[in-house]
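Undergrad: got a predicted structure plus its sequence, pasted below:
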Amino acid sequence: MDTYRSDHCRHTTFTTQIRKVEILGDNPLSSDIKKTFSLLNEQRTNLQRKGNLTLMEVATIQSKHLQSHPSLCPNINNLVVSEEINACTFSTLVEMEDETIEQWEIQFKNETHNHPTEIEPFG
């Protein structure tokens, strides 16, 4: 998961299939992980997600869930859905200096580059 969330390697590993999950241990942390994984599977079922579980789905399932239940997150309708896998974009109204209102799209994007940050994060 660490490499998946890195600046560089995310785009090469997002289709990694998760075929078998074992959550070992009997402590509060393993219990929370089990509950979270169960919630992930419940959301996949409710959203009728087919096929293999991937790292991308682990990262995006909550957003898909919120989009299907907008009452849980009233501003979710401002989310811009696109094919971009490396960014999150939303629409908002911006008041300009001349007091006019413009609709803007704000994008948070991972920077991809040629040197993986998990190897040398300060290059």
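TA: That came through, no problem. Given the structure is predicted, the values throughout are model-derived calculations rather than measurements. Residues are numbered from 1 along each chain as shown.

Undergrad: buried stuff in stretch 54-71?
TA: Neighbour-count burial for stretch 54-71 flags 54-55, 57-58, 61, 64-66 (criterion: 16 or more other C-beta atoms under 10 Å). (Each C-beta comes from the backbone N, C-alpha and C, glycine too.)

Undergrad: inside helices: which ones of those residues?
TA: Assigned to helices by DSSP state H, the following of these qualify: 55, 57-58, 61, 64-66.

Undergrad: could I get those as a markdown table with distance to Lys34 and pLDDT?
TA: Formatted as a markdown table, those follow (distance: C-beta to C-beta, whole Å; pLDDT from 0 to 100):
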| residue | distance to Lys34 | pLDDT |
| --- | --- | --- |
| Leu55 | 19 | 80 |
| Glu57 | 18 | 83 |
| Val58 | 15 | 85 |
| Ile61 | 16 | 85 |
| Lys64 | 22 | 85 |
| His65 | 19 | 87 |
| Leu66 | 22 | 84 |
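
Undergrad: one step back: closest to Ser31 among the buried residues of stretch 54-71?
TA: The nearest member of the buried residues of stretch 54-71 to Ser31, counting by C-beta to C-beta, is Val58 at 18.8 Å.

Undergrad: list phi and psi for Gln103.
TA: For Gln103, the backbone dihedrals are phi -90, psi 120 (criterion: degrees, to the nearest 10).

Undergrad: I figured it hits Leu93, correct?
TA: Yes: contact criterion C-beta atoms under 8 Å: Gln103 and Leu93 qualify, at 5.8 Å.

Undergrad: many thanks, have a good one.
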